[in-house]
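**Q** Below: sequence and its predicted model.
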Amino acid sequence: MTDAELAREIAEEAGALLLRIQDECAGGDRGDREANTLILAALALARPDDAILSEESADDPARLSASRVWIVDPLDGTREFAERRGDWAVHIALAIDGQAAVGAVALPRLGCTLSSDCPPALPEGELPPRMLVSRTRPSALCAGVGERIGAVHIGMGSAGAKAMAVVRGEAEIYLHSGGQHQWDNCAPVAVALAAGLHCSRIDGSPIVYNQPSTSIPDLLICRKEWAPIVLEAVKDCGA
């Protein structure tokens with residue numbers, strides 16, 4: 001089984017477990033805990049020599065000396081999960097030498113999993129561009145950039161759901177400046193890059209994974225034709 005096949009299989013298994021939990025009680029804490037246990041066990045069995053960074057486990061600094069690090073978010077969008085919404089996801093990624101090399105993002109309520117080994121073909125974009133922003137706390141920067149480029153804002157839950165909406169052609173731009181962690185975007189970035197999208201920090205620099213700090217303050221995932229326009233608008237907004 002390739003790394004991408006493994007990522008997809010684990011994401012789908014965790015997603016199936018989470019669907020059962022959401023149907024039973026919609027408990028985000030239980031979902032995080034049980035999905036994390038499933039994912040860690042599967043990775044330990046299939047890739048025992050690789051390091052793991054999970055949102056739901058203590059960070060082992062030994063990962064910093066590893067070339068291959070699985071970066072996982074067992075339940076991205078805990079709030080949406082607890083509210084019985086569908087915009088939550090499971091993230092399984094493999095960073096190799098700091099790069100988002102392999103990824104799978106399961107969207108269990110939508111019945112689909114997107115992975116870096118078989119990304120969908122991008123449909124034609126729309127005008128005005130559709131920009132995905134946080135459903136509960138959209139930033140002032142996103143508002144300013146959206147106004148400058150004439151974007152239509154679409155609020156959505158988890159980072160994975162928003163990133164995959166761009167991959168699936170439901171939006172052109174996902175801009176975020178409110179702070180994230182490596183597990184929030186490593187798998188989405190791997191899939192988005194494989195689909196031919198632009199992925200970077202909002203200053204245009206590359207996103208580097210397996211760093212000592214898990215924090216990634218911002219990111220941009222968008223269709224390539226929009227990247228220079230959005231990055232220039234970010235500068236104009238003083239970011």
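**A** That came in fine, so what should we check first? Bear in mind that the values here come from a model prediction, so they are computed numbers and not experimental data.
**Q** If you count residues, where's the longest helix of this structure?
**A** helix 3-24 (DSSP state H).
**Q** Return the list of helices and strands in contact with that helix.
**A** Packing contacts for helix 3-24, counted by 3 or more CB pairs under 8 Å, 6 or more residues apart in numbering; DSSP states H and E, involve helix 28-46, strand 89-96, strand 99-107, strand 112-115. Every residue, glycine included, has its C-beta placed from N, CA and C.
**Q** Following the chain past the shortest one, name the next helix or strand.
**A** Think strand 112-115. strand 130-134 (DSSP states H and E).
**Q** what helices or strands is that following strand leaning on?
**A** Secondary elements touching strand 130-134 (3+ CB pairs under 8 Å, 6+ apart): helix 140-149, strand 152-156, helix 159-167, strand 173-176.
**Q** and this protein, what are its domains?
**A** 3-115, 130-237 (the TED database).
**Q** Just send the helices and strands packed on strand 130-134 back as TSV, with mean neighbour count too.
**A** Putting these into TSV (neighbours: other CB atoms under 10 Å) gives the following:
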stretch	mean neighbour count
helix 140-149	18
strand 152-156	16
helix 159-167	27
strand 173-176	28
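**Q** P61 is nearest to which of those?
**A** Comparing the helices and strands packed on strand 130-134 against P61 with CB to CB, the closest turns out to be helix 159-167 (24.6 Å).
**Q** average pLDDT for the closest one?
**A** Averaged over helix 159-167, pLDDT sits at 97.
**Q** For it, name the packing helices and strands.
**A** Helix 159-167 packs on strand 68-76, strand 89-96, strand 99-107, strand 130-134, strand 152-156, strand 173-176, helix 182-194, strand 219-222, going by 3+ CB pairs under 8 Å, 6+ apart.
**Q** Adding distance to S116 and mean pLDDT, write those out as TSV.
**A** Supplementary listing: the helices and strands packed on helix 159-167 in TSV, determined by distance: least, CB to CB, whole Å; pLDDT from 0 to 100:
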stretch	distance to S116	mean pLDDT
strand 68-76	13	98
strand 89-96	9	98
strand 99-107	5	98
strand 130-134	20	93
strand 152-156	21	94
strand 173-176	17	96
helix 182-194	4	98
strand 219-222	14	98
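**Q** can I get the ones you listed in TSV with distance to P119?
**A** Shown next, in TSV, are the helices and strands packed on helix 159-167 (distance: least, CB to CB, whole Å):
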stretch	distance to P119
strand 68-76	18
strand 89-96	14
strand 99-107	10
strand 130-134	18
strand 152-156	19
strand 173-176	15
helix 182-194	4
strand 219-222	13
